[in-house]
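**Q** only geometry, no sequence info:
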């Protein structure tokens, strides 16, 4: 605990200054810039604050600078670009802002650059490609924007690239498949809109890929089977089309696979049952059809499956991982049938085309505009938690935007009790017959065997009463 004294500047022969997790407080004294023999500074996980001293540029022998995980403020100092002997620069989890100085390209001995979880803006400087020995680059959790620069492809030793949770837009670099040194690639939670480049499937030694939560389009290439070292693949929450490639069974080391929230169609390939290492499988929120491959039962490491919000049919397997699954893994796959605990046996009574409109035997709000379940799903982004408004006695309420642009509130009733069904009918009849200035207008309803909701006016500034 306590502060770093100014007198630390008197230790002119000091080469190593390591003060990790000591609850140090206050500013970094300017006098540290006088310790010109320093090779290593590590202040990780303290309570220091203020700005990085500008005279750090005097520490020309410095090889490692670690000021991560405390409250550094201000812009990234350009003087750090003078530390040409620097091999590791860690400034993550602070309050740094501004642009990445272009002279950081002078740090040609750097093999690790970590400035994640700050408030950096602007673009990645193209000069960064001058750091030919860089192996680890983490800029995730900032506000960087623009295109992901193709200059990254010219870094022959780059193995770990973290650009998640920024505002990068446009295409994935077509040259990305040339960075054969890559072992982990994290581009999730950006605004990328392209297809996945064809060359991308050349990364035969890559271990982890996360491209989730973008707007990527196009089909998955059969060449995905080239990624034979892959351990984790997350392409969820994009706009990927087509079928799941039959070459997926070439990924014999794959443990985690998520293709959820896309527009995939066709059957679940039986070949997925040939991936012995598979532990987590999420194919939910697609347009998959056909039966669940029974050979998934034989995957001894498989612990989690989510196949909900598809158009699957047939019997749910009962062995292996399926013994311990709940109904949440199969929600709205209403042509499925299975053990009573999964609440799937009632799906056999399903009308084959009732997805696309109201339930025919529920004309309670007759005359209102028909809204399909799929429009509700799209309006709420799959009932994403970011659209959650609140909970009531009989269900949850979400906000959503219909295809015509109208903002609505959608009250989804719990579908696990007879009491719920009665509550839904009572509320529909009540709303149809009552007019009051403290009641919102009911726009429509949607009802089938296990899903019932009311679509109401959305009040963005609170209740009508307020």
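**A** Looks like it arrived, so ask away. Everything numeric in this text was worked out from a predicted model, so none of it was measured.
**Q** pLDDT below threshold where in the chain?
**A** Within the chain, the ranges that satisfy pLDDT under 70 run 1, 332-334, 338-370, 393-394, 415-439, 448-450, 461-466.
**Q** which residue ranges make up the domains of it?
**A** Domains of the chain are assigned by automatic domain parsing as 243-350, 357-457.
**Q** run the chain-centre distance for stretch 96-114.
**A** 26 Å (Cα atoms, centre = their mean, to the nearest Å).
**Q** what of stretch 56-64?
**A** Distance of stretch 56-64 from its chain centroid, counting by Cα atoms, centre = their mean, is 37 Å.
**Q** ok, now stretch 266-275?
**A** So, by Cα atoms, centre = their mean, the centroid of stretch 266-275 is 24 Å from its chain's centroid.
**Q** any idea where the helices of this protein begin and end?
**A** 373-379, 418-433 (DSSP state H).
**Q** can I get the domains of the chain in JSON lines including mean neighbour count and distance to residue 21?
**A** All C-beta spots, glycine's among them, are computed from the backbone N, C-alpha and C. Below are these laid out as JSON lines (neighbours: other Cβ atoms under 10 Å; distance: least, Cβ to Cβ, whole Å):
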{"stretch": "domain 243-350", "mean neighbour count": "18", "distance to residue 21": "31"}
{"stretch": "domain 357-457", "mean neighbour count": "15", "distance to residue 21": "33"}
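**Q** reformat these as CSV; add distance to residue 217.
**A** Below are those laid out as CSV (distance: least, Cβ to Cβ, whole Å):
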stretch, distance to residue 217
domain 243-350, 9
domain 357-457, 16
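**Q** quick one, what contacts residue 376?
**A** By Cβ atoms under 8 Å, 6 or more residues apart in numbering, the contact set of residue 376 is 400, 410, 446, 453, 455.
**Q** mind listing which of these are in strands?
**A** Secondary structure from DSSP state E places 400, 410, 446, 453, 455 of the contacts of residue 376 in strands.
**Q** max pairwise distance over those residues: which two?
**A** Largest separation among the ones in strands among the contacts of residue 376 by Cβ to Cβ: 400 and 446, giving 11.7 Å.
**Q** and residue 112, how many residues sit next to it?
**A** A total of 18 residues lie near residue 112 under the criterion other Cβ atoms under 10 Å.
**Q** can you pull up the bridge partners for it?
**A** Beta bridges link residue 112 to residue 88, residue 136, judged by DSSP bridges.
**Q** that one contacts residue 135, correct?
**A** Yes. At 6.7 Å, residue 112 and residue 135 qualify as touching, with contact defined as Cβ atoms under 8 Å.
**Q** out of the contacts of residue 376, which is nearest to residue 94?
**A** Residue 94 has its nearest neighbour among these in residue 400, at 37.2 Å by Cβ to Cβ.
**Q** residues in contact with that closest one?
**A** Residue 400 makes contacts with 376, 379-380, 387, 407-410, as judged by Cβ under 8 Å, 6+ apart.
**Q** tell me the contacts of the closest residue to it other than its chain neighbours?
**A** Closest residue in space to residue 400, ignoring its immediate chain neighbours: residue 379 at 3.2 Å, by Cβ to Cβ, 6 or more residues apart in numbering. Going by Cβ under 8 Å, 6+ apart, residue 379 touches 400-403, 408, 410.
**Q** where's residue 379 relative to residue 455, distance?
**A** Going from residue 379 to residue 455 by Cβ to Cβ, to the nearest Å gives 9 Å.
**Q** shared neighbours, these two?
**A** Shared contacts of residue 379 and residue 455, defined by Cβ under 8 Å, 6+ apart, comprise 408, 410.
**Q** what about the strands in the stretch 101-250 of the chain?
**A** All strands of the stretch 101-250 of the chain, identified by DSSP state E, counting those that start in this stretch, fall at 112-114, 119-120, 136-138, 145-146, 160-162, 167-170, 184-186, 191-192, 208-210, 232-234.
**Q** want to try TSV for those strands, with distance to residue 93 as columns?
**A** Formatted as TSV, the strands of the stretch 101-250 of the chain follow (distance: least, Cβ to Cβ, whole Å):
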stretch	distance to residue 93
strand 112-114	9
strand 119-120	12
strand 136-138	11
strand 145-146	21
strand 160-162	13
strand 167-170	19
strand 184-186	16
strand 191-192	24
strand 208-210	20
strand 232-234	23
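**Q** and of those strands, who's closest to residue 81?
**A** That would be strand 112-114 among the strands of the stretch 101-250 of the chain, by Cβ to Cβ, at 11.8 Å.
**Q** show me the contact partners of the closest one.
**A** Contact with strand 112-114 is made by 68, 87-92, 104, 107, 131, 134-138, as judged by Cβ under 8 Å, 6+ apart.
**Q** report how many residues lie close to the closest residue to residue 170 other than its chain neighbours.
**A** Nearest residue to residue 170 in three dimensions, chain neighbours excluded: residue 147, at 4.5 Å (Cβ to Cβ, 6+ apart). Other residues within reach of residue 147, judged by other Cβ under 10 Å, total 14.
**Q** for residue 147, list the residues it contacts.
**A** Residues near residue 147 by Cβ under 8 Å, 6+ apart: 123, 168-171, 173.
**Q** tell me the buried residues within those residues.
**A** Buried members of the contacts of residue 147, counted by 16 or more other Cβ atoms under 10 Å: 168-169, 171, 173.
**Q** turn these into TSV, including distance to residue 372.
**A** As requested, the buried ones among the contacts of residue 147 are arranged in TSV below (distance: Cβ to Cβ, whole Å):
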residue	distance to residue 372
168	34
169	31
171	33
173	39
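**Q** determine which two of these are furthest apart.
**A** Maximum pairwise distance among the buried ones among the contacts of residue 147 (Cβ to Cβ): 12.8 Å, between 169 and 173.
**Q** what about the residue lying closest to residue 399 once chain neighbours are set aside, distance to residue 447?
**A** Distances taken as Cβ to Cβ, 6+ apart place residue 387 nearest to residue 399, at 5.1 Å, with adjacent residues excluded. Distance of residue 387 to residue 447, computed by Cβ to Cβ: 21 Å.
**Q** first to last residue in stretch 247-267, what's the distance?
**A** 14 Å (Cα to Cα, to the nearest Å).
**Q** typed the wrong thing, it's stretch 112-130
**A** End-to-end distance for stretch 112-130: 14 Å, by Cα to Cα.
**Q** just the buried positions in that stretch, please.
**A** Across stretch 112-130, burial judged by 16+ other Cβ under 10 Å covers 112-118, 120, 124-125, 127-130.
**Q** got JSON lines for these, with distance to residue 157 too?
**A** Shown next, in JSON lines, are the buried residues of stretch 112-130 (distance: Cβ to Cβ, whole Å):
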{"residue": "112", "distance to residue 157": "11"}
{"residue": "113", "distance to residue 157": "12"}
{"residue": "114", "distance to residue 157": "16"}
{"residue": "115", "distance to residue 157": "19"}
{"residue": "116", "distance to residue 157": "20"}
{"residue": "117", "distance to residue 157": "24"}
{"residue": "118", "distance to residue 157": "24"}
{"residue": "120", "distance to residue 157": "23"}
{"residue": "124", "distance to residue 157": "17"}
{"residue": "125", "distance to residue 157": "19"}
{"residue": "127", "distance to residue 157": "17"}
{"residue": "128", "distance to residue 157": "13"}
{"residue": "129", "distance to residue 157": "12"}
{"residue": "130", "distance to residue 157": "13"}
